[in-house]
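>>> Could you look at this predicted model? Sequence included:
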Amino acid sequence: MTADDPTATRGPVHIVGTGLLGTSIGLALTARGVPVTLADTSPSMLALARDLGAGTIESAPAPELVVVAVPPDVTSDEVAAALQRFPDAVVTDVASVKSVLLAELRIEARTDPTLDLSRYVGSHPMAGREKSGAAAASADMFTGRPWVIAAHSGSAERAVLAVRALAADAGAAVVSMDAGEHDEAVALISHVPQLMASLMAAQLVEAPDRALALAGQGVRDVTRIAASDPRLWSAILTGNAPAVSALLRTIRAELDTLLDAVERAASDGPLAPGAVSGISRLISAGNDGVARVPGKHGGARRRYTEVIVLVPDEPGELGRLFSEVGEIGVNIEDFQMEHSPKQKVGMAIVSVTPEAAQPLEQALEQRGWRVVAP
Ligand SMILES: NC(=O)c1ccc[n+]([C@@H]2O[C@H](COP(=O)([O-])OP(=O)(O)OC[C@H]3O[C@@H](n4cnc5c(N)ncnc54)[C@H](O)[C@@H]3O)[C@@H](O)[C@H]2O)c1
Ligand SMILES: O=C(O)C(=O)C[C@]1(C(=O)O)C=C[C@@H](O)C=C1
């Protein structure tokens, strides 16, 4: 798609809320040459987004599209304000919940008939991370990820097309769903997983240091998103409470069944009747479920592959690794450093495109680096 494409976003686009999502959208659009203006209640967050290149702060006269990227509990107010302030603009939001916002906007439109909801189409990019704020933003956050377009019965066609174009221009795969189907789906694949990670991670608060020192990949995989922002997630979870509570009840019943099996083993020994079969049933069901997650065990390919390199804990070694990866001709897409307690090495986790991973591993080993299995 080019800037001359009639289905592409031309702008100006006005982004309200320049945190993780708003700044990432701004960066994706400015990279395509689309003019973007920015607004945020936090002057420092706004200045940071501008400095990162997500857009300008000066107000554009008449945006084609307004993207509201603020926490869910203030989203419908900001959508309504944008519809009133920009009478010709299409308005979308990127909040993680959809039905509650539509309900709030419909109530508001009943008391204020000038609120033109035909120009509003809710949406939700299924991409993000456990960090908030503009500093964690990236222009390619949406590349290849689903972006749900949740048009409502009164959405005008031009509004739907404009929001679809935004998602496509950000590199995302457009998925159409109504608000109800969306909310049930994200309760299962995003909201309850967040709670499971938080429940597990909360058990670690009082854990002995000696136990934590043993932490391996399992606990890291299960708890990554437990680092998410409590304010944002409280608003998301209360905003999708009906779907989330239904799923939590199902999980509670399954937890009781599991507990029964484990307690049999605890009181009558590992071979107690019902113990092995009860546990095995759950683990097998988990195998079946995880096999269905795209990107895991033969599903769609992951966006990046991690190459893990042991780096001596000495001045200049990390810099040497970076420059040698550059000399090998591979671009580092993302990077993380993990330190093994009491060891004189760190683990540099270098994310690269899947096709670059194996040649990089070989080239690094030839240069004397120790590459370890992920
Ligand atoms: N974090 C994710 O992974 C993710 C992914 C998809 C969608 N979302 C949704 O995107 C939205 C933004 O989330 P985020 O992760 O970017 O949060 P964030 O905390 O990084 O950014 C939110 C920004 O909104 C600003 N803000 C708050 N109230 C405002 C108001 N009334 N007017 C203008 N600015 C205001 C804040 O100052 C902050 O800069 C949320 O609705 C969230 O549900 C988040
Ligand atoms: O990958 C992550 O860190 C995320 O939390 C992203 C994630 C998700 O659950 O997939 C989180 C909330 C959003 O509404 C959409 C995406």
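Sure thing, it's come through. Numbers count the residues shown, from 1 in each chain. Ligands and ions are numbered 1, 2, ... in the order given.
>>> Give me the residue at the spatial middle of this structure.
Residue closest to the average C-alpha location in the chain (C-alpha atoms, centre = their mean): residue 128, at 2.2 Å.
>>> tell me the contacts of it?
Neighbouring residues of residue 128 by C-beta atoms under 8 Å, 6 or more residues apart in numbering: 20, 21, 141. Every C-beta, even on glycine, is put in place using the N, C-alpha and C of the backbone.
>>> ranking those residues by neighbours, who comes first?
In terms of neighbours by other C-beta atoms under 10 Å, these top out with residue 21 at 27 neighbours.
>>> Mind pulling up the pLDDT for it?
As predicted, residue 21 sits at a pLDDT of 98.
>>> That one is in contact with residue 125, isn't it?
Yes: using C-beta atoms under 8 Å, residue 21 is in contact with residue 125, at 7.1 Å.
>>> hey, what's in contact with both of the two?
Residues touching both residue 21 and residue 125 by C-beta under 8 Å, 6+ apart: residue 94.
>>> Against ligand 2, how distant is the residue nearest to the centre of the chain?
4 Å (C-beta to the nearest ligand atom, to the nearest Å).
>>> and that residue, which of the three is it?
When classified by DSSP: H, G, I helix; E, B strand; the rest coil, residue 128 comes out as coil.
>>> Intersect the contacts of residue 128 with the contacts of ligand 1.
Restricting those to those near ligand 1 by C-beta under 6 Å from any ligand atom leaves 20, 21.
>>> Just give me the closest of the contacts of residue 128 to residue 214.
If you rank those by distance to residue 214 using C-beta to C-beta, residue 20 comes first, at 32.1 Å.
>>> who are the neighbours in contact with the closest one?
Contact analysis of residue 20 by C-beta under 8 Å, 6+ apart lists 128, 129, 131, 132, 133, 134, 136, 137.
>>> For those, which PyMOL command selects only the ones that are buried?
Buried members of those, defined by 16 or more other C-beta atoms under 10 Å, are picked up in PyMOL with:
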select buried, resi 128+132+133+134+137
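>>> related to what we said a few turns ago, what values do phi and psi take at the residue nearest to the centre of the chain?
Main-chain dihedrals, residue 128, degrees, to the nearest 10: phi 170, psi -160.
>>> Okay, buried residues for the helix ranked longest in the chain please.
With secondary structure taken from DSSP state H, the chain has its longest helix at helix 241-268. In terms of neighbour count (16+ other C-beta under 10 Å), helix 241-268 has its buried residues at 243, 244, 247, 248, 261, 264, 265.
>>> just checking, what packs against the helix or strand of the chain with the lowest mean pLDDT?
When the helices and strands of the chain are scored by mean pLDDT, DSSP states H and E, strand 334-339 comes last with a mean of 82. Here strand 334-339 touches strand 345-352, going by 3 or more C-beta pairs under 8 Å, 6 or more residues apart in numbering; DSSP states H and E.
>>> hmm, back to that, with distance to ligand 1, secondary structure and pLDDT added, can I get the contacts of residue 20 in a markdown table?
Listed next are the contacts of residue 20 as a markdown table, based on distance: C-beta to the nearest ligand atom, whole Å; DSSP: H, G, I helix; E, B strand; the rest coil; pLDDT from 0 to 100:
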| residue | distance to ligand 1 | secondary structure | pLDDT |
| --- | --- | --- | --- |
| 128 | 2 | coil | 92 |
| 129 | 6 | coil | 88 |
| 131 | 8 | coil | 90 |
| 132 | 4 | coil | 93 |
| 133 | 5 | coil | 96 |
| 134 | 7 | helix | 96 |
| 136 | 7 | helix | 94 |
| 137 | 8 | coil | 96 |
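>>> nearest to residue 10, of the contacts of residue 20?
Nearest to residue 10 among the contacts of residue 20: residue 137, at 22.4 Å, using C-beta to C-beta.
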